[in-house]
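*Asks:* Structure, please.
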Amino acid sequence: MAFSSNKIIWGLSDIKDGPMKYDFTNQQNFFEKINLEDKKIIGADLVHGDKVVMIDSKTPERMIPDCDALITNDKNCLLTITVADCLPIYFYDRQKQVVALAHAGWKGIINGIAKKTVQLLINNFDCNSTDIKIFIGPHIQKCHFEVKDDVANQFASKYLIETGDKKYINLADAVKDKLIETGVSPANISVSADCTFCLKDTYFSFRRERDKIIKAMIAYIGLK
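*Replies:* Model (predicted):
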């Protein structure tokens with residue numbers, strides 16, 4: 001499903017576009033290449049928490065500190081996050097013409113970042129949960145998100161895959177269930193099948209590369 005509307009702009013850079021985390025020159029070059037340089041580009045300075053911030057053209061910051069999700073109904077703004085295995089979660093309500101973008105690692109999922117984003121869309125923009133469409137973008141899939149007991153024990157057993165003495169978590173399923181709890185229709189949630197760890201020629205992956213300096217893609221969404 002993803003998004004078929006011609007009223008929004010959204011996407012994700014890939015490895016050929018270069019690393020995007022805190023590299024504003026690369027970001028500027030990327031957005032110029034796709035003709036979005038005229039938008040007010042605002043990013044979330046990620047902390048793996050549950051803070052969601054509403055922004056508009058009057059927002060002074062280029063990076064919003066200490067948050068993992070952004071919301072806007074301002075056509076002049078482009079929301080961005082960086083990801084390198086974590087889940088980029090795109091939200092769009094066609095009826096209210098509002099978009100949101102959330103960054104969800106395992107800590108953010110446990111903290112309910114996706115659920116909180118939906119709740120703020122409902123509370124602050126009068127959205128109906130059944131009108132919100134959501135796309136979970138490329139991320140580290142259950143084939144490679146290996147965890148130890150300290151992380152595994154924080155997820156319900158239905159998200160756990162055990163292979164021999166190894167344990168893996170299906171992060172997307174955990175997010176989907178959190179979203180459905182808010183009233184979002186399962187039919188309005190789609191998930192990318194791309195694994196950032198597997199597709200080494202397409203995506204950066206922190207777990208695969210283990211670089212001290214994180215290389216990441218940039219996810220973006222905005223209204224036309």
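
*Asks:* For my notes, confirm residue 25 occurs in a helix.
*Replies:* Yes - read with DSSP: H, G, I helix; E, B strand; the rest coil, residue 25 is one of the residues of a helix.

*Asks:* Which parts of the chain are strands?
*Replies:* Under the criterion DSSP state E, the chain carries strands at the ranges 8-12, 40-44, 52-54, 63-64, 69-72, 77-83, 87-93, 98-104, 132-136, 146-147, 160-163, 166-169, 189-191, 217-223.

*Asks:* Strand partners (parallel or antiparallel) of the first one?
*Replies:* Right, strand 8-12. Within its sheet, strand 8-12 is paired with strand 217-223 (antiparallel), according to DSSP bridges.

*Asks:* by how many degrees do the partner strand and strand 98-104 diverge?
*Replies:* Here the directions of strand 217-223 and strand 98-104 differ by 160 degrees (axes from the mean of the first three to the mean of the last three Cα atoms, to 10 degrees).

*Asks:* before we move on, back to that, want to throw the strands of the chain into JSON lines with distance to residue 182 and mean pLDDT?
*Replies:* For glycine as for every other residue, the C-beta is placed from the backbone atoms N, C-alpha and C. Conversion of the strands of the chain to JSON lines gives the following (distance: least, Cβ to Cβ, whole Å; pLDDT from 0 to 100):
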{"stretch": "strand 8-12", "distance to residue 182": "21", "mean pLDDT": "97"}
{"stretch": "strand 40-44", "distance to residue 182": "20", "mean pLDDT": "96"}
{"stretch": "strand 52-54", "distance to residue 182": "13", "mean pLDDT": "98"}
{"stretch": "strand 63-64", "distance to residue 182": "23", "mean pLDDT": "96"}
{"stretch": "strand 69-72", "distance to residue 182": "14", "mean pLDDT": "98"}
{"stretch": "strand 77-83", "distance to residue 182": "20", "mean pLDDT": "98"}
{"stretch": "strand 87-93", "distance to residue 182": "11", "mean pLDDT": "98"}
{"stretch": "strand 98-104", "distance to residue 182": "13", "mean pLDDT": "98"}
{"stretch": "strand 132-136", "distance to residue 182": "8", "mean pLDDT": "97"}
{"stretch": "strand 146-147", "distance to residue 182": "26", "mean pLDDT": "97"}
{"stretch": "strand 160-163", "distance to residue 182": "23", "mean pLDDT": "96"}
{"stretch": "strand 166-169", "distance to residue 182": "21", "mean pLDDT": "97"}
{"stretch": "strand 189-191", "distance to residue 182": "11", "mean pLDDT": "97"}
{"stretch": "strand 217-223", "distance to residue 182": "19", "mean pLDDT": "98"}
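
*Asks:* Nearest to residue 20, out of the ones you listed?
*Replies:* Using Cβ to Cβ as the criterion, the shortest distance between residue 20 and those is 3.9 Å, found for strand 217-223.

*Asks:* What residues sit buried inside the closest one?
*Replies:* Of the residues in strand 217-223, those scored as buried under the neighbour-count criterion (16 or more other Cβ atoms under 10 Å) are 217-223.

*Asks:* What of stretch 121-131?
*Replies:* Using 16+ other Cβ under 10 Å as the test for burial, stretch 121-131 gives 121-122, 125, 127, 129, 131.

*Asks:* For that stretch, output the C-alpha coordinates as CSV.
*Replies:* In CSV, the C-alpha atoms belonging to stretch 121-131 read as follows (Å, rounded to 0.1, in the frame of the first residue of the first chain):
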residue,chain,number,x,y,z
LEU,A,121,-2.5,13.4,15.7
ILE,A,122,-5.9,12.6,17.2
ASN,A,123,-5.7,15.0,20.1
ASN,A,124,-4.2,18.0,18.3
PHE,A,125,-5.4,17.7,14.7
ASP,A,126,-8.8,16.0,15.3
CYS,A,127,-7.7,13.1,13.2
ASN,A,128,-9.8,9.9,13.1
SER,A,129,-7.5,6.9,13.8
THR,A,130,-9.2,5.0,10.9
ASP,A,131,-8.1,7.7,8.4
